[in-house]
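Visitor: Here is a sequence together with a model predicted from it:
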Amino acid sequence: MNEIQIFCPATIANVSCGFDVLGLCLESVGDEMTITKTDRMGVRITDIIGANLPLEAEKNVAGVAALSLLHHLLPNCGFDIKITKNIKAGSGIGSSAASAAGAVYGINKLLGSPLTDKELIYFAMQGEALASGSPHADNVSPALLGGFTLVRSYDPLDVIAITAPPELYVTVIHPQIELKTKDARSVLKENISLKKATIQCGNLGGLISGLYTQNYDLIGRCLHDELVEPVRSILIPKFAELKEAAKQAGALGGGISGSGPSVFALSRGETTARKAAEAFAAIMQQTSVPFEAHVSAINPTGIKIM
Ligand code: ADP
């Protein structure tokens, strides 16, 4: 096999109470990548369709992730990468992660899978460092493994894959203002109170338990973020109204997707998820901000060969 074409899904990081540790993978939104093995050593990004992003490998998360993997595997060949972007950069649904994870997944497959998908997380993270300043794994892990993922520890890297309950659906609204991860991080407080930490631990533990036991009510009760949402939501137009409207439409709950500006809701069943999308749209129509809404099942496998 000299060429591979893959679907690189969008992902939602944090999922309310899991700041920097929890993520989930979407089924119906994602980029496409074509990766070709070449005789020329190194990595070339030959084409990017649908976005204005740098072609230089060192300035593109796909290139940085790919180079870090090649540095480790030292193959006797190089790779050309073509990216079709459907996920807008800076949307908060893992645009950079889709490219970083896609690059390492495709190259690993073309080399006969010397590494497992879990082992690829580390190299995809190196691409993420270019986009956000730190090598975080909360988007690249669900992109590579599917379902929900929990980054239990960064040192050593320990990522746990969690199967999503079958009826869980995601609604995402993307108000089209660009909010860079770096800027959304700069508003966060360095220190938190013990009381807030306790509430957050309770909800994160409860959410994980709800996922394993398919307890949708418990999942809904745990979608509460004590630490980040109160400060970050100020950067998102109509955040409180969006969240409330989704709940009124029957969603279990929701919050900020990644570092925003996208907002997500989780629902039991596709019909409710579609109602939540309508409720989100009705709120956004009160503003002059253009928006895109997505409804998606949770992608159980992550990146796929097309
Ligand atoms: P998101 O959470 O949607 O990935 P980020 O702000 O984390 O948004 O990342 C987007 C940043 O990464 C932008 O500054 C963009 O220029 C940069 N970037 C570099 N290469 C890529 C790529 N292949 N795909 C998406 N963003 C990229």
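Guide: Noted; the coordinates are in hand.
Visitor: Would you mind identifying the helix or strand in the chain with the lowest mean pLDDT?
Guide: When each helix and strand of the chain is scored by mean pLDDT, DSSP states H and E, helix 181-186 comes last, with a mean of 80.
Visitor: buried ones in that one?
Guide: Of all the residues in helix 181-186, those buried under the rule 16 or more other C-beta atoms under 10 Å are T181, A184. Every residue, glycine included, has its C-beta placed from N, CA and C.
Visitor: Just give me the neighbour total for the closest residue to I48 other than its chain neighbours.
Guide: Counting by C-beta to C-beta, 6 or more residues apart in numbering, the nearest residue to I48 once its immediate chain neighbours are dropped is I83, at 4.9 Å. I83: 25 surrounding residues under other C-beta atoms under 10 Å.
Visitor: what pLDDT does I83 get?
Guide: The model reports I83 with a pLDDT of 98.
Visitor: Which parts of this structure are strands?
Guide: In the chain, the strands defined using DSSP state E lie at 3-13, 22-38, 42-49, 78-84, 148-154, 157-162, 168-175, 253-256, 263-268, 291-297, 304-305.
Visitor: how about those strands, which one is nearest L207?
Guide: Closest to L207 of the strands of the chain is strand 22-38 (C-beta to C-beta; 7.5 Å).
Visitor: For the closest one, list every residue counted as buried.
Guide: Within strand 22-38, the residues that count as buried by 16+ other C-beta under 10 Å are 22-27, 29-37.
Visitor: What parts of the stretch 1-150 of the chain come near the ligand?
Guide: 53, 60-62, 83, 89-97, 99, 131-132 (C-beta under 6 Å from any ligand atom).
Visitor: what do you get if the cut-off is 5 Å, keeping everything else the same?
Guide: Residues of the stretch 1-150 of the chain lying close to the ligand by C-beta under 5 Å from any ligand atom are L53, N60, V61, A62, A89, G90, S91, S95, S96, S99, A131, S132.
Visitor: So which of those residues is surrounded by the most neighbours?
Guide: Counting neighbours by other C-beta under 10 Å, S99 leads those with 34 neighbours.
Visitor: you'd agree that one is up against M33?
Guide: Yes. The criterion here is C-beta atoms under 8 Å, and S99 meets it with M33 at 7.4 Å.
Visitor: tell me, what's touching the two both at once?
Guide: With contacts defined as C-beta atoms under 8 Å, 6 or more residues apart in numbering, the residues shared by S99 and M33 are C8, A62, I83.
Visitor: re the thing from before, got the contact list for the residue nearest to I48?
Guide: Under the criterion of C-beta under 8 Å, 6+ apart, the neighbours of I83 are D31, E32, M33, I45, D47, I48, I49, A51, L53, A62, S99, G102.
Visitor: If you drop the residues flanking it in sequence, what lies closest to the last one?
Guide: In this case it means G102. Per C-beta to C-beta, 6+ apart, closest to G102 is C8, 3.6 Å.
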